[in-house]
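**Student:** how would this look folded up:
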Amino acid sequence: MEKYNFIVVTPCKNEEDSLPGLIESVLNSTVKPKMWVIIDDGSTDSTPEILKDFEDRYSWVHVIHGIESERDLSFHYSEIVDSAIKHSLNLCTKKNIPCDFISLIDADMYLDADFFEKILERMDKDPNLGICSGSAAYYLNGELVNETGRSQNPIGGLRIWRTKCFEDSGGFPYSYSADSVSNVLALLGGWKIMKYDDVIAITARPTTSTEGYWKGYKTRGISDYYRDYHPFYVLLKSIKYLAKNPYYIGVAYLSGYMHGVFVLKEKIDIPEVRCYYKNKYKEFLD
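**Tutor:** Numbers count the residues shown, from 1 in each chain. Reported below is the predicted structural model:
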């Protein structure tokens, strides 16, 4: 009998190189999920065959097939994740499977055997923890590099929600940077969130490079406009990016923000979330 009642959801598209590693790492986990739902978003490589073989061998694995589409980490990604989680929870209800926690794991991750156990143990001890994640690292020129970020903010593709928190927050939001918006909704609902730097997963590629640096940082700029970041905060972020390598990511970020201003002209329709992001610049003044 498993100690924790949790399910895993994984969206994927053309992940034939990394998917076998993720499958191996979950199978070797010290605690196993009650269910693993994987949504194949129209892969054109051997991903469907890998998933079919995996689903045929394990009754707790369920594969959903989407339609072929261009890789998209914005609104389409939100729809894919939201539909997969809703499908998972419906299956849990139909099959009388208890589900106290929901984990979202990207297909290009490789987890340590105790990844789930470490995080779930901490969430079990603190009932106010609503969202937690591990940290991502990747190999660069043979060396392991940790992705940087604010320690308290759970990252998207390595997270675990307490199911009560997920439901209280309205599910997975339809938004740019939906993982970040989910964090904010949890905080506004009185939940605690945390990212643990001592719980590491290896990613096949740096997060932003999934779409390529230019497109990734441009999307980040569009997202910051959509979530209503203050222009002063945007200016500070662009200066920081311009000082990084490759230098053009700052230009990409600014072009994305200006695309939001002149083309998108739309912002997230949750006033409390917009207010939260609008006031983020004050952190630089403290």
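**Student:** does the helix or strand encompassing residue 136 pack against any helices or strands, and if so which?
**Tutor:** In the assignment (DSSP states H and E), residue 136 maps to strand 129-140. Under the contact criterion of 3 or more C-beta pairs under 8 Å, 6 or more residues apart in numbering; DSSP states H and E, strand 129-140 touches helix 115-125, strand 143-146, strand 158-162, helix 163-168, helix 178-188, strand 192-203. C-betas here are computed from N, CA, C, even on glycine.
**Student:** parallel or antiparallel, which strands does it pair with?
**Tutor:** Strand partners for strand 129-140, identified by DSSP bridges, are recorded as strand 143-146 (antiparallel), strand 158-162 (antiparallel), strand 192-203 (parallel).
**Student:** quickly compare the helices and strands packed on strand 129-140 and say which is most buried.
**Tutor:** Most buried of the helices and strands packed on strand 129-140, by mean neighbour count (mean count of other C-beta atoms under 10 Å): strand 158-162, with a mean of 26.
**Student:** for the strand holding residue 136, buried residues please.
**Tutor:** Buried residues in strand 129-140, counted by 16 or more other C-beta atoms under 10 Å: 129-138.
**Student:** taking helix 115-125 as reference, get the angle to that strand.
**Tutor:** 160 degrees (axes from the mean of the first three to the mean of the last three C-alpha atoms, to 10 degrees).
**Student:** just how off-centre is strand 129-140 within its chain?
**Tutor:** Offset of strand 129-140 from its chain centre (C-alpha atoms, centre = their mean, to the nearest Å): 10 Å.
**Student:** and if you look at stretch 124-133?
**Tutor:** Worked out by C-alpha atoms, centre = their mean, stretch 124-133 lies 17 Å from the chain centre.
**Student:** same question for stretch 218-238.
**Tutor:** Worked out by C-alpha atoms, centre = their mean, stretch 218-238 lies 19 Å from the chain centre.
**Student:** got the phi/psi numbers for the spatially closest residue to residue 36 that is not a sequence neighbour?
**Tutor:** Distance criterion C-beta to C-beta, 6 or more residues apart in numbering; nearest residue to residue 36, sequence neighbours excluded, is residue 8 at 4.5 Å. The phi/psi pair for residue 8 (degrees, to the nearest 10) reads phi -120, psi 140.
**Student:** partner residues bridging residue 8?
**Tutor:** Per DSSP bridges, the residues bridged to residue 8 are residue 36, residue 103.
**Student:** run a quick neighbour tally on it.
**Tutor:** Residue 8: 24 surrounding residues under other C-beta atoms under 10 Å.
**Student:** hmm, residue 105 and it touching each other?
**Tutor:** Yes: using C-beta atoms under 8 Å, residue 8 makes contact with residue 105 at a distance of 5.7 Å.
**Student:** which neighbours do those two share?
**Tutor:** Common neighbours of residue 8 and residue 105 are listed as residue 26 (criterion: C-beta atoms under 8 Å, 6 or more residues apart in numbering).
**Student:** the strands in this structure, which residues?
**Tutor:** Counting by DSSP state E, residue ranges of the strands within the chain are 6-12, 35-40, 61-65, 101-105, 109-111, 129-140, 143-146, 158-162, 192-203.
**Student:** including distance to residue 185 and mean pLDDT, could those strands go into TSV?
**Tutor:** Shown next, in TSV, are the strands of the chain (distance: least, C-beta to C-beta, whole Å; pLDDT from 0 to 100):
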stretch	distance to residue 185	mean pLDDT
strand 6-12	18	98
strand 35-40	22	97
strand 61-65	25	95
strand 101-105	14	99
strand 109-111	24	97
strand 129-140	9	94
strand 143-146	27	86
strand 158-162	11	98
strand 192-203	10	95
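**Student:** possible to save those strands as TSV with distance to residue 121?
**Tutor:** Shown next, in TSV, are those (distance: least, C-beta to C-beta, whole Å):
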stretch	distance to residue 121
strand 6-12	12
strand 35-40	20
strand 61-65	24
strand 101-105	11
strand 109-111	15
strand 129-140	10
strand 143-146	22
strand 158-162	11
strand 192-203	10
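**Student:** out of the ones you listed, nearest to residue 29?
**Tutor:** strand 109-111 (6.8 Å; C-beta to C-beta).
**Student:** need the residues that contact the closest one.
**Tutor:** For strand 109-111, the surrounding residues in contact (C-beta under 8 Å, 6+ apart) are 18, 21-22, 24-26, 29, 105, 134, 136, 157-158, 201-204.
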